[in-house]
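A.B. asks: for reference, the sequence and a predicted model appear below.
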Number of protein chains: 2
Amino acid sequence: MHAFLLIAHGSRRAASNDEVRALANQIANEAEDQFDQLACCFLELAEPLIPDAINNLVEKGATQITLFPYFLAVGAHVAEDIPEAITEAKEQHPQVQFHMLPHLGKLASMPRLILDQLSS
Amino acid sequence: MHAFLLIAHGSRRAASNDEVRALANQIANEAEDQFDQLACCFLELAEPLIPDAINNLVEKGATQITLFPYFLAVGAHVAEDIPEAITEAKEQHPQVQFHMLPHLGKLASMPRLILDQLSS
């Protein structure tokens, strides 16, 4: 079973975390055929945290987890904190395959996404 | 003259700010026909700050400035700090038209952008 996990920073503002959850739901609705499970989690300040979200996916049967850092730039979070959390998850779930995607800000389609917005 | 101004948060990590500048350059290369000027600026922690960037665009002849908050979620920065900075800029440059776009995380095309990344 293939799961997709969107990892956001987390905010003290509940509305910001809800925006992330809503985005994850939108992706889930559009990606039913690509993934068996889809969830979001937070590095800090909101729940579920990364380890809890991964544990939950594995309990539900995930054998392959694709992780997507919903971050604009490579800071300490993308470069260190998230990889550390994934390393720990790998040790805890050696039977699960983890695949980390590039962070959002690095997607090659970002300039075009913004330009399309400008002309719409 | 129509200018586009991408507003990012700014980071203590120079590499993160350079990522934003590189994105602005990519957009500028693809959008030559849509805007006469294109620049990026930062809310804090990096330069140029919003007022300096706007002053610079106006000095170079901008009469219309489209602003794009490069933020993932509505926090205090998007809801309060950026609008305050723009209100001050309007008072300082009453002859210039300012147009604020929705922030990045709110773009309707975001789920599709992420899904395309997953299947590529």
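C.D. replies: Yep, that arrived.
A.B. asks: quick one: the strands in chain A?
C.D. replies: Secondary structure of chain A (DSSP state E): strands located at A:2-8, A:37-42, A:64-69, A:97-100.
A.B. asks: for the longest helix along chain A, list every residue counted as buried.
C.D. replies: In chain A, with assignment by DSSP state H, the single longest helix is helix A:14-30. Buried positions in helix A:14-30, judged by neighbour count with 16 or more other Cβ atoms under 10 Å in any protein chain shown: A:16, A:17, A:19, A:20, A:23, A:24, A:26, A:27, A:28. From N, CA and C alone the C-beta is placed, and that goes for glycine too.
A.B. asks: so it versus strand A:2-8, what angle?
C.D. replies: 160 degrees (axes from the mean of the first three to the mean of the last three Cα atoms, to 10 degrees).
A.B. asks: hmm, back to that, possible to save the strands of chain A as a markdown table with distance to residue B:113?
C.D. replies: Below are the strands of chain A laid out as a markdown table (distance: least, Cβ to Cβ, whole Å):
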| stretch | distance to residue B:113 |
| --- | --- |
| strand A:2-8 | 12 |
| strand A:37-42 | 16 |
| strand A:64-69 | 11 |
| strand A:97-100 | 18 |
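A.B. asks: so which of those strands gets nearest residue B:66?
C.D. replies: Among the strands of chain A, strand A:2-8 comes nearest to residue B:66, with 26.9 Å by Cβ to Cβ.
A.B. asks: export the closest one to PDB, keeping only CA atoms.
C.D. replies: This file holds the C-alpha atoms of strand A:2-8, laid out as PDB (Å, rounded to 0.1, in the frame of the first residue of the first chain):
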ATOM      1  CA  HIS A   2       1.300   3.400  -1.100                       C
ATOM      2  CA  ALA A   3       0.800   6.400   1.100                       C
ATOM      3  CA  PHE A   4       1.500  10.100   0.400                       C
ATOM      4  CA  LEU A   5       2.400  12.400   3.300                       C
ATOM      5  CA  LEU A   6       2.500  16.100   3.000                       C
ATOM      6  CA  ILE A   7       4.800  17.700   5.600                       C
ATOM      7  CA  ALA A   8       4.100  21.300   6.500                       C
END
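A.B. asks: in this structure residue A:88 contacts residue A:49, no?
C.D. replies: No - when contacts are counted by Cβ atoms under 8 Å, residue A:88 is not listed as touching residue A:49 (11.5 Å).
A.B. asks: more crowded one of these two?
C.D. replies: More crowded of residue A:88 and residue A:49, by other Cβ atoms under 10 Å in any protein chain shown: residue A:49, with 17 against 13.
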